[in-house]
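Student: Show me the folded form of this:
(chains A, B, C and D)
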2 protein chains.
Amino acid sequence: MTQAIETFAKYLNSKDLKLTKERKTVLQEIFLHGGHLDVEDLLHSLRKKKKRASRATIYRTLELLVDSGLVRKVDLGHGHSHYEHVLGDAHHEHMVCLKCGKVIEFSDKRIERSLNKLCEKSGFEQCSHHFQIFGYCKDCR
Amino acid sequence: MTQAIETFAKYLNSKDLKLTKERKTVLQEIFLHGGHLDVEDLLHSLRKKKKRASRATIYRTLELLVDSGLVRKVDLGHGHSHYEHVLGDAHHEHMVCLKCGKVIEFSDKRIERSLNKLCEKSGFEQCSHHFQIFGYCKDCR
DNA sequence: CTTCTTGCAAACCATTTGCATCATT
DNA sequence: AATGATGCAAATGGTTTGCAAGAAG
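Tutor: Next up is the predicted model:
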């Protein structure tokens, strides 16, 4: 958490941008909240905690957070973006249940390994990737 | 191609929908064109061939095509959807170059296999999946 | 103090939808 | 003929942006 703020501060500094309280607030909210959340979620959580940041500022901050590598933007098939923090190596992908909307996170070392080999072989320098599986979870099938 | 139209006709029939010339036109255009294309591409190609289908009809038809399983909707990170036809088993995923925009298709049996096992193990009934890698192609890195 | 930020509301852009007219079965 | 489908234009919904007022370094 402190770690994340420091990293963000360093990133902002390197771009001559300022660490405002709104930016800090948004970052904290994402890191306190475990999973993926969207702009509306963020807006509500902040309101509940009597903190403030306009929708515009949230969008602008999220872009910075994604660019800094602290946050990942993911598509869960809802027609709008979700965001989740990235801490260290806990990389994972998403299974989305088309009926109940549940999102199951998963990760697979073999898949990641195959992926890296693949990029290496084709000379592709990977920045990010995202794997989504859509279907029905065991409670809904 | 004829195959695709027949499949679509069967699908439409099963839902008491009609095979109109606009729907046939859109389907043909997607199957004639090799790769992934968006609504704007479709609109231009059709205009060039003096065929017609409104934007609304294209959107409506694409939804049906996706639902019928003949076409796949993919996210190439452009802020809008792309579509590509699905013929048999030639399943593939996408690497997108963030600089030149080039899209490289790839497929990996090991990944597909790991994936299927994963779903099986967790009792998840897979409908579709999509794997995107963003980065820089060998000409742009 | 200078430069960057914020919040607001307007603008944008992809996609969807209501409705009157037209085509397929 | 009856039921759907089309095209248009208006509506929608997420996201971006211009600008005047405010805060960080």
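
Student: Excluding chain neighbours, what is closest to residue A:112?
Tutor: Distances taken as C-beta to C-beta, 6 or more residues apart in numbering or on different chains place residue A:91 nearest to residue A:112, at 7.0 Å, with adjacent residues excluded. The way it works is simple: take the backbone N, C-alpha and C, and place the C-beta from them, glycine included.

Student: quick one: that neighbour is in a helix?
Tutor: No: per DSSP: H, G, I helix; E, B strand; the rest coil, residue A:91 lies outside any helix segment and is coil.

Student: Now do the strand of greatest length in chain A: which elements does it pack against?
Tutor: The residue-count maximum for a strand in chain A (DSSP state E) belongs to strand A:125-136. Other elements packing on strand A:125-136 under the criterion 3 or more C-beta pairs under 8 Å, 6 or more residues apart in numbering or on different chains; DSSP states H and E are strand A:71-75, strand A:93-97, helix A:109-122, helix B:109-122, strand B:125-136.

Student: what's the closest of those to DNA strand C?
Tutor: When those are compared by C-beta to the nearest atom of the strand, strand A:71-75 sits nearest DNA strand C, at 11.8 Å.

Student: Let's see the closest one as CSV, backbone CA atoms only.
Tutor: Taking C-alpha atoms only, strand A:71-75 is exported to CSV below (Å, rounded to 0.1, in the frame of the first residue of the first chain):
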residue,chain,number,x,y,z
VAL,A,71,-3.4,-1.1,-12.2
ARG,A,72,-4.8,-3.3,-14.9
LYS,A,73,-7.8,-2.5,-17.1
VAL,A,74,-9.8,-5.6,-17.8
ASP,A,75,-12.8,-6.4,-19.9
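
Student: Next SSE downstream of it?
Tutor: strand A:81-85 (DSSP states H and E).

Student: who's in contact with the closest residue to residue A:77 other than its chain neighbours?
Tutor: Once flanking residues are discounted, residue A:77 sits nearest to residue A:96: 5.6 Å by C-beta to C-beta, 6+ apart. Neighbouring residues of residue A:96 by C-beta atoms under 8 Å, 6 or more residues apart in numbering or on different chains: A:76, A:77, A:102, A:103, A:104, A:132, A:133, A:134, A:135.

Student: Recalculate using a threshold of 6 Å.
Tutor: Applying C-beta atoms under 6 Å, 6 or more residues apart in numbering or on different chains, we find residue A:96 in contact with A:76, A:77, A:103, A:134.

Student: any residue of stretch A:17-34 up close to DNA strand D?
Tutor: Yes: using C-beta under 7 Å from any atom of the strand, stretch A:17-34 reaches DNA strand D at A:18, A:19, A:20, A:21.

Student: hang on, I meant stretch A:80-92
Tutor: Yes: contact of stretch A:80-92 with DNA strand D (C-beta under 7 Å from any atom of the strand) involves A:80, A:81.
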